[in-house]
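> Generate coordinates for the sequence data below:
(one chain, ligands or ions: 1)
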Amino acid sequence: MADPLIIKICGIKTLDILETTIAAGADMVGFMHFPRSPRHVSVEQIGDLISSARGRIETCVVLVNPDNSCVAEIAALGPDWIQLHGPETPHRVEAIRIEAGVEIMKALPIGSAEDVAHIADFVGVADRILLDAKPPKGADRPGGLGETFDWSLLKALDPSIPFMLSGGLTPQTVADAIKTLRPFGVDVSSGVETAPGVKDKRLIEAFMRNARAAS
Ligand SMILES: O=C(O)c1ccccc1N[C@@H]1O[C@H](COP(=O)(O)O)[C@@H](O)[C@H]1O
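A predicted model of the protein is given here:
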């Protein structure tokens, strides 16, 4: 039997929504630490959220091109994962993985065949690879924009490379994404919100239901 699908709900800011997400049966929660994001939470808030989540659901802190002091500060909170969502090179990912002593999920932006070819550079370097839409030129952040990429680009991906999928997923599109691309996990932020940064209980529950039914 195939491994169960991993479902991550990202951009959680409150204990209330954390509880909703755990009760809905998600496998991972993500906390954004990037001031330009509408989902940004402080180090102190992340500490509280991780303490409440520990042992109940896997936790992941999303960082964008962090410096060493930021990595150390976040690693000290004891998350299960750090997600690197910036232009970090394979060498930098490796260094952060050693420095933090935490499993690393590397997000890679997909917008062209060249981007797909670049994925292999991170195999064996990151513990998990997350594919996301490449942000449009001029975007003020590298993710969380609710943008989808052209899934047909992944026909060129080496089928032995496992990946998680994100980028504009919603309760309406997640089943099709799972059936079409067979990722080992899915990740959503904007698609379970009523406004940027405002998560919605019913949308989280619908996403979970539709993703599980399709896997
Ligand atoms: O959510 C953000 O604002 C964000 C900012 C900077 C980097 C990543 C960000 N979000 C992550 O992007 C993917 C896809 O999000 P969406 O479902 O398309 O909104 C996901 O991992 C978010 O956590």
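> Same question for residue 83, what's its three-state structure.
strand (DSSP: H, G, I helix; E, B strand; the rest coil).
> From residue 58, how far off is it?
Relative to residue 58, residue 83 is positioned 11 Å away (C-beta to C-beta, to the nearest Å). In this view, the C-beta of every residue, glycine as well, is placed from N, C-alpha and C.
> For those two, indicate the residue with more neighbours.
Comparing residue 83 with residue 58 by neighbour count (other C-beta atoms under 10 Å), the higher total belongs to residue 83, at 28 against 18.
> which sections of the protein are below the confidence cut-off?
1 (pLDDT under 70).
> Return the nearest residue of it with respect to the ligand.
Scanning the chain for proximity to the ligand using C-beta to the nearest ligand atom identifies residue 144 as nearest, at 2.0 Å.
> Surely that residue and residue 39 touch.
Yes - contact criterion C-beta atoms under 8 Å: residue 144 and residue 39 qualify, at 6.4 Å.
> okay, and the common contacts of the two?
In terms of C-beta atoms under 8 Å, 6 or more residues apart in numbering, residue 144 and residue 39 are both contacted by the residues 10-11, 32, 189.
> Between residue 144 and residue 39, tell me which one has more neighbours.
Legend: neighbour count by other C-beta under 10 Å for residue 144 and residue 39, higher for residue 144 (27 against 23).
> what sits against that one?
Residue 144 neighbours (C-beta under 8 Å, 6+ apart): 10-11, 32, 37-39, 189-190.
> rerun that using 6 Å as the cut-off
Neighbouring residues of residue 144 by C-beta atoms under 6 Å, 6 or more residues apart in numbering: 37, 189.
> Just to be sure, it is in a strand?
No - counting by three-state DSSP, residue 144 is not found in a strand; it is coil.
> any idea how far it lies from residue 34?
With C-beta to C-beta as the criterion, residue 144 and residue 34 are 9 Å apart.
> got the contact list for the biggest strand by length in the chain?
In the chain, assigned by DSSP state E, the strand with the most residues is strand 103-110. Strand 103-110 has contacts (C-beta under 6 Å, 6+ apart) with 81-85, 93, 97, 119, 122, 126-132, 134, 149.
> could you redo the last one with a cut-off of 8 Å?
In contact with strand 103-110 (C-beta under 8 Å, 6+ apart) are residues 60, 80-85, 88, 93, 96-97, 115-116, 118-119, 122, 125-135, 142-143, 149, 153-154, 164, 166-167.
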